[in-house]
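Asks: sequence? don't have it. structure:
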C-alpha cells in the first residue's frame, strides 16, 4: 500500500512538473535614483518583481534620510527577481547600461552623491564574472570610461513602502513626468530601432 501511494505521488509530481514555478534568481543594481531604475526594470519581460532599497554600505537598517545624508556608504539600488528561462542576467545588464549613464561618478542627472553611484552588486561569483565581462563589452558604447563599481552584495535593505512602485503609483508626480517618463520613451525608441 505504501509503495502504491509513493508511486502515485511520484507520478503526480512528474505530470505537474510544468505547473511548478521556475527557479528564480535575483540581481541587485544601482544606477541613480531607485525610482528610475525600478520603472525601467519593472517593464522588462521575465522580470517578476523589483524592490527598491539600499545596499553597498555599512550602516545597518538605513532609512531614506540616512542614505540621503551620504554617510552610510549605501547606494539606492533595486533588487530584481527574474526568471532566468525568460531573461538572463547578462540581458538585464545590457538594459542596465542603456538605462543610465555609467560614466558619471556619483551622479545621474541632477541627483548627486555616492548614494546615486552606478553599481552592480554581484550575488555570487558567476554574477561577478558576467558583470565584469558585460562592463568590458559595454565600454564601446561610451566615449568616457565606465565608472560603475562591481562589488559583492553583502546585505540588501528594502526601502520604505512609499518608495516601492513609485512610478506606477504616482504617474503625475513631477519627478516622474520630468525624469522617468522621458527615460522610458528613450528606451522604447531605442528598442523600436
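Replies: That came in fine, so what should we check first? Computed from a prediction, not measured in an experiment: that's the story for all the values here.
Asks: all contacts plus neighbour counts: C-alpha atoms, from now on.
Replies: OK.
Asks: tell me the SS of residue 71?
Replies: Three-state call for residue 71 (DSSP: H, G, I helix; E, B strand; the rest coil): coil.
Asks: ok, residue 76 next?
Replies: Assigned with three-state DSSP, residue 76 falls in the strand class.
Asks: just the strands from the chain, written as ranges.
Replies: Along the chain, counting by DSSP state E, strands occupy 25-31, 47-55, 75-82, 107-108, 111-112, 118-122, 149-152, 156-158.
Asks: now the longest one and strand 25-31, what's the angle there?
Replies: Using axes from the mean of the first three to the mean of the last three Cα atoms, to 10 degrees, one finds that strand 47-55 and strand 25-31 are set 50 degrees apart in direction.
Asks: give me the angle between strand 47-55 and strand 75-82.
Replies: Comparing the axes of strand 47-55 and strand 75-82 via the same axes, to 10 degrees yields an angle of 160 degrees.
Asks: how many neighbours does residue 146 have?
Replies: The burial count assigned to residue 146 is 20, neighbours taken as other Cα atoms under 10 Å.
Asks: again with the one 4 residues further on
Replies: By the measure other Cα under 10 Å, the count of residues near residue 150 is 18.
Asks: can you check residue 38 too?
Replies: 28.
Asks: could you check how far it is from residue 101?
Replies: Distance, residue 38 to residue 101, using Cα to Cα, to the nearest Å: 16 Å.
Asks: now do residue 91
Replies: For residue 91 relative to residue 101 (Cα to Cα), the value is 17 Å.
Asks: coming back round to it: which of the strands of the chain has the highest mean neighbour count?
Replies: The highest average neighbour count among those, using mean count of other Cα atoms under 10 Å, belongs to strand 75-82 at a mean of 26.
Asks: show me the helices in this protein, by range?
Replies: Counting by DSSP state H, the segments of the chain that form helices are 2-15, 34-42, 64-68, 89-99, 125-138, 166-169, 174-175, 181-192.
Asks: tell me the most buried of those helices?
Replies: Scoring those by mean count of other Cα under 10 Å, the most buried comes out as helix 34-42, with a mean of 23.
Asks: can you list contacts of it?
Replies: 30-31, 47-53, 76-78, 80, 99, 163-168, 179-180, 184 (Cα atoms under 8 Å, 6 or more residues apart in numbering).
Asks: point out where this structure drops to low pLDDT.
Replies: 1-22, 193 (pLDDT under 70).
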